[in-house]
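In: Got a sequence here, can you build the structure:
(one chain, ligands or ions: 1)
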Amino acid sequence: MVRVLFLGGLGRSGTTLLERLLGELPGVCPLGEVVHLWERDVAGDERCACGAHFSSCDFWQAVGEKAFGGWQHVDVWRVLALRHAVERTRHIPRLASVRMSQSHRLLVEEYADWYARLYEAAAVVSGAEVLVDSSKHAALAYCLRFAPSIDLRVVHVVRDSRGVAYSWTKTVRRPETDGLEEMTRYSPSRSALLWNAHNTALSVLHRCGVPVMRVRYESLLDSPSTVLSEISDFSGLDRGGMDFLHGGTAELGPCHSAAGNPMRFTVGPVPLRRDDAWRTALPGRQRRVVSALTAPLLGMYGYRGAR
Ligand SMILES: [Zn+2]
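Out: Okay, the predicted model is just below:
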């Protein structure tokens, strides 16, 4: 069994920061957003967080060799076709149902097996006890439970929907494409609806027998060592190894996180402060729209001013 800590939540909720912090703990290896690795790295040869292109990164080349006899043996288009067929948010009810058709189940199992092989190899190459996959997509978490060799544990990261919505309106470049592309942007109402869908799906995942722990972005920034200790317990890791946290900053070392938020390239001291810019920068009308659309879950997660 390979133990995988899957970070789930809507993008811009702090999953990359959490992955980087977890990656500093002894026995943990952060892999990045594996869901995007197939297309962006295996096919597109984008940059690993270590700075090297995927095809020149020793870590990922060793993983590919061990898992598949080399990445050239991975049929990326098959993986993407499987993803399209099974790993969609609208397919979650089917993925959660006990009455899935045999043919569909075979596709889900085949899809999950690509991840299982990658994880198993990454565990051997890194020597880590726990791998972190920050893919975020709830539908992928539902798929991964179909791989018998994956000891799947999900950390559901939630952040105030108004902060998430504001972040999705901003322009962010993708350094791994050498500045050629920008990250996707969404309107506040669109991100509010996505926030509802992803968080609802992750809030009921435990009913399928997957251990799920909910972490608020704001709590992580307010008391990082407490939250990381709780996640260590949840992951079966020994507590400790928090020396990289001091005086409100985290000292981040290099890693091989593949595909994901530009923050994965950051090395050195990072201030641990909540990004609450939305409180002044998100226009009142948009704030009211997001608050209204997300009110039930905002209230359930303990956020104020839901209405
Ligand atoms: Zn690398």
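
In: Which stretches in the stretch 51-200 of the chain count as helices?
Out: Remark: helices assigned in the stretch 51-200 of the chain by DSSP state H, counting those that start in this stretch are 58-68, 76-86, 92-96, 102-126, 138-144, 161-168, 188-203.

In: Can you tell me what sits against the second one?
Out: Outside of helix 76-86, the residues that reach it under the criterion CB atoms under 8 Å, 6 or more residues apart in numbering are 35, 38-39, 42-43, 95, 104, 107-108, 110-111, 114, 139, 143. Using the backbone N, CA and C atoms, a C-beta is placed for each residue, glycine as well.

In: rewinding a little: comparing the helices of the stretch 51-200 of the chain, which gets the lowest mean pLDDT score?
Out: Here the lowest mean pLDDT among the helices of the stretch 51-200 of the chain goes to helix 92-96, at a mean of 90.

In: Please identify the buried residues of that helix?
Out: Going by neighbour count (16 or more other CB atoms under 10 Å), the buried part of helix 92-96 is 92, 94-95.

In: for the stretch 201-307 of the chain, which spans come out with low pLDDT?
Out: For the stretch 201-307 of the chain, the stretches with pLDDT under 70 are 306-307.

In: What pairs with the longest strand along the chain, parallel or antiparallel?
Out: Criterion DSSP state E: the longest strand present in the chain is strand 150-158. Partner strands for strand 150-158, per DSSP bridges, with pairing direction: strand 2-8 (parallel), strand 212-216 (parallel).

In: got the angle between the first one and helix 188-203?
Out: Pointing back at strand 2-8 there. Angle, strand 2-8 to helix 188-203, by axes from the mean of the first three to the mean of the last three CA atoms, to 10 degrees: 150 degrees.

In: Skip the chain neighbours and tell me the closest residue to the closest residue to the ion within the stretch 151-300 of the chain.
Out: Proximity of the stretch 151-300 of the chain to the ion (CB to the ion) peaks at residue 256, 3.6 Å away. Leaving aside its chain neighbours, residue 256 sits nearest to residue 59 (4.2 Å; criterion: CB to CB, 6 or more residues apart in numbering).

In: what's the one you found in contact with, if anything?
Out: Residue 59 neighbours (CB under 8 Å, 6+ apart): 48, 50, 125-126, 256.

In: Tabulate the residues you listed (a markdown table), appending neighbour count.
Out: Converted to a markdown table, the contacts of residue 59 look like this (neighbours: other CB atoms under 10 Å):
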| residue | neighbour count |
| --- | --- |
| 48 | 27 |
| 50 | 19 |
| 125 | 20 |
| 126 | 19 |
| 256 | 23 |
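
In: The residues you listed into a markdown table, with extra columns for distance to residue 271?
Out: Output for these, formatted as a markdown table (distance: CB to CB, whole Å):
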| residue | distance to residue 271 |
| --- | --- |
| 48 | 25 |
| 50 | 23 |
| 125 | 32 |
| 126 | 28 |
| 256 | 24 |
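
In: Quick check, the residue in the stretch 51-200 of the chain closest to the ion?
Out: Counting by CB to the ion, the stretch 51-200 of the chain gets nearest the ion through residue 57, at 3.3 Å.

In: what are the phi and psi values for the residue nearest to that residue when sequence neighbours are not counted?
Out: Leaving aside its chain neighbours, residue 57 sits nearest to residue 48 (4.2 Å; criterion: CB to CB, 6+ apart). Per-residue torsions, residue 48: phi -80, psi 160 (degrees, to the nearest 10).

In: Any idea what residue 48 is bridged to?
Out: The partner residues for residue 48, given DSSP bridges, come to residue 258.

In: could you measure it against residue 195, distance?
Out: According to CB to CB, to the nearest Å, residue 48 stands 29 Å off from residue 195.

In: Next, residue 75: phi, psi?
Out: Dihedral angles for residue 75 - degrees, to the nearest 10 - are phi -90, psi 90.

In: What pLDDT does the model give it?
Out: As predicted, residue 75 sits at a pLDDT of 97.

In: number of nearby residues for it?
Out: As a burial measure, residue 75 scores 13 neighbours (other CB atoms under 10 Å).

In: same thing with residue 305?
Out: 11.

In: I figured it hits residue 291, correct?
Out: Yes - Residue 305 lies in contact with residue 291 (CB atoms under 8 Å); the separation is 6.7 Å.

In: ok, then the element right after the one helix or strand residue 29 maps to?
Out: Assigned by DSSP states H and E, residue 29 falls within strand 28-32. Using DSSP H and E, the helix or strand that follows strand 28-32 in sequence is helix 34-36.

In: name the helices or strands packed onto that next one?
Out: Applying 3 or more CB pairs under 8 Å, 6 or more residues apart in numbering; DSSP states H and E, one finds that helix 34-36 makes contact with strand 130-136.
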